[in-house]
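Sequence plus the predicted model coming up.
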Amino acid sequence: MPQTIDLELHDLAHGGEAVGRHEGLAVFVPLGIPGERVRVEIVARHKRFARGRIVEILAPSPSRVTPPCPYFGVCGGCQTQHMDYAAQAAHKRQVVATQLERIGRQADARVLETLGMAEPWAYRNHIQAGVDGRGRLGFQAAGTGPGGVERIVPIAGCLITDPGIEEVWHGRAATVAARHHASLERVVLRAGTATGDRMVILEGHGRRPPRVPRESEASWLYRGRDGLRVLAGHDYLVDELAGRRLRVSADAFFQVNTRQAERLVEVAGRYLALTGQETLLDAYSGVGAFALTLGQRAARVIGIESSPTAVSDAVANRQGGEPVEFLLGPVEAILPTVQTPIDAILLDPPRAGCSPAAVEALAERGAERIVYVSCDPATLARDVALFAERGYRLVEAQPVDMFPQTYHVETVVRLERDT
């Protein structure tokens, strides 16, 4: 028979699971909150840890709320709707502080309170919906780990997605998916929060693309065996960030929360403290979001990006006469060829963070200030430790809640060169 235990929860892991200890073994419990006493059924036991399922909440946390989404706990898209928003923000700050201490070796790091949203709903401008066997669109079920069998939970409405996505998702995209589900695997939906642009990317294995609406305000694309092709509209959308209109192609990265991305620009600009005399390096520059907004405060900007599509977007987004150039290639390969002295560095790498070679190349430039934007506290902390070994000290970290109702958190850190 399954083992049932009473457990005191004392922490939250980065993945959103609560943690307690039983007979020296860490027990991870989804949908729990630190401070609660719960009755848990052990569902998996390993050498160093176990996983449990709450069967009864014996003493609830004051932070516990009723999740507004009927799919919460079944759909894997959100992990923290059962916590009030203030508790979510406090937890994310603690995660950043803990990772900087444990991995980054930054004792007593200055970590500010998380910058949250006044309305932490309807923010996602980019989603990936799976297609189930009946042609219904939905998200991957909760608890589906890497290598596991993917199960799609059909969704009739998502509380964290942009209204423009919701309209297309539960309208024409749902109709197309139902008609062509035998050959479709995924439907990607993107929206320009500030502009109203919308894009639907159908992904499948059929030889012929699905039939899409002849008249639609959205752009429709198909990714099949022969790559990506446009069925209607354009292969890009336009959004606006910090007063700057930006073209974003179907394959290009853009922050999923446009409103909070403006907070990132604000924080990064404050940390860079540009005076108009500096040369700014924007590493992992993407479509030019930071280079073309913060770059207006610099004398010159050099962006480095490894995605050809993103570089094409960045060049298209650059206005005539702006002293901004974009170079294509990996940071560690391109930066050593740049002869211009660099005064300040901004970097926003993928979730995996920087390669050791990239950290080395960046540190060798000797810039007085480095501002690091990260969506993963663990890889951020690892890289902060590497920069510290090369003469940079952590001044301050600012968590920004780009992903309310989930465990994910964005962080901006300010590093200064020791003198």
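Yep, that arrived. For clarity, every value in this text was computed on a predicted model and none was experimentally measured.

ok, Glu101 - contacts?
When contacts are counted by Cβ atoms under 8 Å, 6 or more residues apart in numbering, Glu101 is found next to 107, 109. Quick note: C-beta positions are derived from backbone N, CA and C, even for glycine.

Please, which helix or strand holds it?
Secondary structure assigned from DSSP states H and E places Glu101 in helix 85-102.

same check, this time on Ile57
Under the assignment given by DSSP H and E, the secondary-structure element containing Ile57 is strand 49-59.

which of the residues in that strand are buried?
Neighbour-count burial for strand 49-59 flags 50-54 (criterion: 16 or more other Cβ atoms under 10 Å).

Could you let me know which of those ends up closest to Met117?
Taking Cβ to Cβ as the measure, Met117 lies nearest Ile54 of the buried residues of strand 49-59, at 27.8 Å.

that older thread, quick check: buried residues in the helix or strand just after the helix holding Glu101?
If you walk from helix 85-102 toward the C-terminus, the next helix or strand you reach (DSSP H and E) is strand 126-131. For strand 126-131, the buried set under the neighbour-count rule, 16+ other Cβ under 10 Å, comprises 126-127, 129-131.

to the chain's geometric centre, what's the distance from stretch 406-417?
For stretch 406-417, the gap between its own C-alpha mean and the chain's C-alpha mean amounts to 12 Å (Cα atoms, centre = their mean, to the nearest Å).

mind putting the buried residues of strand 49-59 in TSV, pLDDT and distance to Arg214 included?
Compiled in TSV, those are given as follows (pLDDT from 0 to 100; distance: Cβ to Cβ, whole Å):
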residue	pLDDT	distance to Arg214
Ala50	94	55
Arg51	93	50
Gly52	94	53
Arg53	94	49
Ile54	96	50
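
just the helices in the protein please.
Secondary structure of the chain (DSSP state H): helices located at 85-102, 163-168, 174-180, 258-272, 289-293, 308-317, 331-334, 356-364, 377-389.

between the first one and helix 377-389, how big is the angle?
Inter-element angle recorded for helix 85-102 and helix 377-389: 40 degrees (by axes from the mean of the first three to the mean of the last three Cα atoms, to 10 degrees).

pretty sure Val371 contacts Gln398?
No: under the criterion of Cβ atoms under 8 Å, Val371 lies out of contact with Gln398, with a separation of 10.1 Å.

need the contact list for the residue nearest the centre of the chain.
Centroid-nearest residue in the chain: Cys375, 5.4 Å away (criterion: Cα atoms, centre = their mean). Applying Cβ under 8 Å, 6+ apart, one finds that Cys375 lies in contact with 351, 402, 408-410.

Tell me how far it lies from Ala283.
With the distance defined as Cβ to Cβ, to the nearest Å, Cys375 ends up 15 Å from Ala283.

Leaving out the residues flanking it, which one is nearest to Asp6?
Arg39 (5.5 Å; Cβ to Cβ, 6 or more residues apart in numbering).

So Arg402 versus Thr411, what's the distance?
Just to correct that, residue 402 is Met rather than Arg. Taking Cβ to Cβ as the measure, Met402 falls 10 Å from Thr411.

Tell me where the model's unsure across the protein.
Scanning the chain for pLDDT under 70 picks out 1-2, 144-149.

change it to 80
Applying pLDDT under 80 to the chain flags the ranges 1-2, 14, 143-150, 419.

Domain map for it?
When the chain is parsed into structural domains using automatic domain parsing, the resulting residue ranges are 1-64, 89-118+257-417, 126-238.
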